[in-house]
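Student: How does the following fold in three dimensions:
(one chain, ligands or ions: 1)
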Amino acid sequence: MTGWCDTCDRRVEGETCEVCGQPVTEPERIRLDWKWKFFGVSTVIYLIWRIYQLIHWLTS
Ligand SMILES: [Zn+2]
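Tutor: Numbers count the residues shown, from 1 in each chain. Below you'll find the model as predicted:
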């Protein structure tokens, strides 16, 4: 199983990081999915904020 060590910020083969000894149970694929979800939500919030500013600028 391939995991990810948050402490070393590196990919780890197995369930325990061989560098720092921390257990890594979260698969990398799920981590990447969460990154993309977070990126998508951030983009939507940013666009809504920009549209709000534009409307506010046009109506003031
Ligand atoms: Zn580590």
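
Student: W49 - that's part of a helix, no?
Tutor: Yes - per DSSP: H, G, I helix; E, B strand; the rest coil, W49 lies within a helix segment.

Student: what number of residues lie near it?
Tutor: 10 (other Cβ atoms under 10 Å). C-beta: built from backbone N, CA, C; applies to glycine.

Student: Low-confidence regions, this structure specifically.
Tutor: For the chain, the stretches with pLDDT under 70 are 1, 25-30.

Student: Residues of it that sit close to the ion?
Tutor: Within the chain, the positions adjacent to the ion are 5, 7-8, 17, 19-20 by Cβ under 5 Å from the ion.

Student: In those residues, find the pair that's most separated.
Tutor: T7 and V19 (8.1 Å; Cβ to Cβ).

Student: Distance from the helix or strand hosting F39 to the middle of the chain?
Tutor: Element membership for F39, per DSSP states H and E: helix 28-59. Here helix 28-59 is found 13 Å from its chain centre; the criterion is Cα atoms, centre = their mean, to the nearest Å.

Student: still on that earlier bit, any of the residues of the chain next to the ion buried? List them.
Tutor: The neighbour count (16 or more other Cβ atoms under 10 Å) marks 5, 17 as buried among the residues of the chain next to the ion.

Student: what does stretch 18-37 rub up against?
Tutor: With Cβ atoms under 8 Å, 6 or more residues apart in numbering as the test, stretch 18-37 has contacts from 1-8, 10-12, 14-17.

Student: make it 7 Å
Tutor: Residues outside stretch 18-37 that contact it (Cβ atoms under 7 Å, 6 or more residues apart in numbering): 1-5, 7-8, 11-12, 15-17.
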